[in-house]
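1. Structure for this input, please:
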Amino acid sequence: MKKNKIVFISGSSRGIGKEIAKFLLESGYTVIINGRKDSSLNKTFKEFSNLFPNKVFSIKADIALEKDIIKIKNSVIKNFGSIDHLVSNVGSGKSKLGLDESIKEFKNMFDINFFNAVMLSKELIPIMLPKKTKNKSITFISSIAGLEYIDCPISYSCSKASLNIYSKSLSKVLGPKNIRVNTISPGNILFEGSTWDKKIKNDKNATKKYIRNNVPLNSFGNINDVASLVEYLISDKSTFITGSNFVIDGGQNNSY
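-> Numbers count the residues shown, from 1 in each chain. So this is what the prediction gives:
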């Protein structure tokens with residue numbers, strides 16, 4: 001039963017987060033979307049409201065700011081009392097390569113990819129605990145960059161690796177409290193406006209060559225691949241799955 005199951009998705013006004021939100025709405029969940037910019041958040045909210053009346057809600061907040069995360073918590077308590085599932089999706093790999101990264105850029109990558117997720121989960125976990133429903137979960141969207149070096153900013157890899165171990169550790173702590181915690185690590189996911197979309201536009205041949213040489217399936221992933229896995233992991237079909245990291249990368253990652 002998905003009736004009245006409430007999901008909060010950070011960074012869901014566009015990109016992968018938006019697709020996750022749409023997929024979950026189509027699957028019958030009530031979804032709270034989030035973004036920090038009025039333009040994209042309002043546009044997505046209007047789009048979804050027309051398709052899924054009374055099933056989508058929005059909270060404008062920048063999860064890089066502790067006061068905004070508290071605002072999210074208070075809004076959830078006021079309007080819903082609690083949530084059943086948290087999907088922590090915000091992240092970015094925009095930094096310099098190799099030794100060109102400054103300490104400031106390292107700290108920025110950790111703020112965006114690690115501390116945001118930590119602050120958000122720590123604020124929302126307490127209001128998830130009293131809910132009577134048994135199947136509750138947290139899903140972190142990470143990256144294969146957190147598993148091995150793949151020619152991306154070192155700070156990004158380190159921040160995502162930290163997120164992975166945080167997720168694993170949190171699963172041990174929250175297991176006895178009936179909250180499952182899992183991670184999804186996408187590889188090369190192509191969608192409009194994505195990093196790979198920009199790379200194709202800049203140098204289509206070089207991008208295709210990279211995929212051919214590094215991805216056994218010789219293709220990009222689709223954001224629907226990530227969204228459908230999120231739906232599976234929060235559903236009643238996976239109530240015995242926690243502490244796991246699911247890789248979606250066409251076979252690129254070499255760690256095991």
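
2. Output the contacting helices and strands for the longest strand that the chain contains.
-> Scanning the chain for the strand with the most residues, using DSSP state E, yields strand 179-186. When contacts are defined as 3 or more CB pairs under 8 Å, 6 or more residues apart in numbering; DSSP states H and E, strand 179-186 sits against strand 136-141, helix 154-174, helix 223-234, strand 245-248. In this view, the C-beta of every residue, glycine as well, is placed from N, C-alpha and C.

3. I'd like to know which elements the shortest one is packed against.
-> Strand 245-248 is packed against helix 154-174, strand 179-186, helix 223-234, with contacts defined by 3+ CB pairs under 8 Å, 6+ apart.

4. Please, where are all the helices along the stretch 51-200 of the chain?
-> All helices of the stretch 51-200 of the chain, identified by DSSP state H, counting those that start in this stretch, fall at 66-79, 103-110, 116-128, 154-174, 195-202.

5. Present the ones you listed as a markdown table; the columns should include mean pLDDT.
-> Listed next are the helices of the stretch 51-200 of the chain as a markdown table, based on pLDDT from 0 to 100:
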| stretch | mean pLDDT |
| --- | --- |
| helix 66-79 | 96 |
| helix 103-110 | 91 |
| helix 116-128 | 96 |
| helix 154-174 | 96 |
| helix 195-202 | 89 |
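
6. Can you add distance to G221 and give those helices back as a markdown table?
-> Putting the helices of the stretch 51-200 of the chain into a markdown table (distance: least, CB to CB, whole Å) gives the following:
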| stretch | distance to G221 |
| --- | --- |
| helix 66-79 | 29 |
| helix 103-110 | 22 |
| helix 116-128 | 21 |
| helix 154-174 | 16 |
| helix 195-202 | 9 |
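
7. Ok, which of those comes nearest V56?
-> With respect to V56, and counting by CB to CB, the nearest of the helices of the stretch 51-200 of the chain is helix 66-79 at 12.6 Å.

8. one step back: closest one to F106 among the helices and strands packed on strand 179-186?
-> For those, distance to F106 was read as CB to CB. The smallest value, 4.4 Å, belongs to helix 154-174.

9. residues in contact with the closest one?
-> Around helix 154-174, the neighbours that count as contacts under CB atoms under 8 Å, 6 or more residues apart in numbering are 91-93, 95, 98, 101, 105-106, 108-110, 112-114, 117-118, 121, 125, 138, 140, 142-143, 145-147, 149-150, 180-183, 185, 242-243, 245.

10. Buried ones in it, by neighbour count?
-> Applying a neighbour-count criterion of 16 or more other CB atoms under 10 Å, the buried positions in helix 154-174 are 154-164, 166-168, 170-171, 174.

11. same check, this time on stretch 24-42
-> Burial within stretch 24-42, assessed by neighbour count using 16+ other CB under 10 Å, is assigned to 24-25, 27, 29-36, 41.

12. now do stretch 184-198
-> Of the residues in stretch 184-198, those buried under the neighbour-count criterion (16+ other CB under 10 Å) are 184-191, 194, 196.

13. Contacts for that stretch, please.
-> Residues outside stretch 184-198 that contact it (CB under 8 Å, 6+ apart): 14-16, 19, 93, 139-144, 146-147, 160, 164, 200, 207, 211, 215, 220-223, 225-226, 229-230, 233, 245-250, 252-253.

14. mind checking how far that stretch is from the chain centre?
-> In terms of CA atoms, centre = their mean, to the nearest Å, the gap separating the centre of stretch 184-198 from the centre of its chain is 13 Å.

15. rewinding a little: wait, which of the buried residues of stretch 184-198 is closest to I59?
-> Distance to I59 across the buried residues of stretch 184-198 (CB to CB) is lowest for I184, with 22.4 Å.

16. Do you know the pLDDT at the closest one?
-> For I184, the model assigns a pLDDT of 98.

17. Give the bridge partners for it, please.
-> I141, F246 (DSSP bridges).
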